[in-house]
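A.B. asks: Pasting a predicted model and its sequence here:
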Amino acid sequence: MTFLPSCRETRERLTDYAEGALSVRERALLRMHLLICSACMAFFRGLLTVPGVARFLLTPDGSPSSEGAEALSAALGRIPRHREKD
Ligand SMILES: [Zn+2]
């Protein structure tokens, strides 16, 4: 039996999730939580608009970071898909 992280645990880890800092297993668990929890999905979408996350998307001079944008779009693109095998 695999236990999904709680809403609080999920929200605490969303930044790491967006940055690809979690293990494959942790990402899979967070993704499953986001799929079944519209509140956390909304929180995640909102998180992407706050300065703490925008910082990793932008270079110091304020121009878009293609690396950060790719990492984020990859993270977002994985959410709706089926669970990957570890
Ligand atoms: Zn939740």
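C.D. replies: Everything's here; your move.

A.B. asks: Can you give me the distance of Ser23 to Leu30?
C.D. replies: In this view, Ser23 and Leu30 are 10 Å apart by CB to CB, to the nearest Å. C-beta here means a position set from N, CA and C on the backbone, and glycine is covered the same way.

A.B. asks: no no, Leu48
C.D. replies: The gap separating Leu48 from Leu30 is 15 Å, by CB to CB.

A.B. asks: before we move on, what about Thr49?
C.D. replies: Going from Thr49 to Leu30 by CB to CB gives 19 Å.

A.B. asks: what about the residue nearest to Cys7 when sequence neighbours are not counted, how many neighbours?
C.D. replies: Across the structure, with CB to CB, 6 or more residues apart in numbering as the measure, the residue nearest Cys7 apart from its sequence neighbours is Cys40 (5.7 Å). Cys40 has 21 neighbouring residues, counting by other CB atoms under 10 Å.

A.B. asks: roughly how far apart are Cys40 and the ion?
C.D. replies: Counting by CB to the ion, to the nearest Å, the gap between Cys40 and the ion amounts to 3 Å.

A.B. asks: higher neighbour count, Ser23 and Leu30?
C.D. replies: Neighbour count, other CB under 10 Å: between Ser23 and Leu30, Leu30 has more, with 23 against 9.
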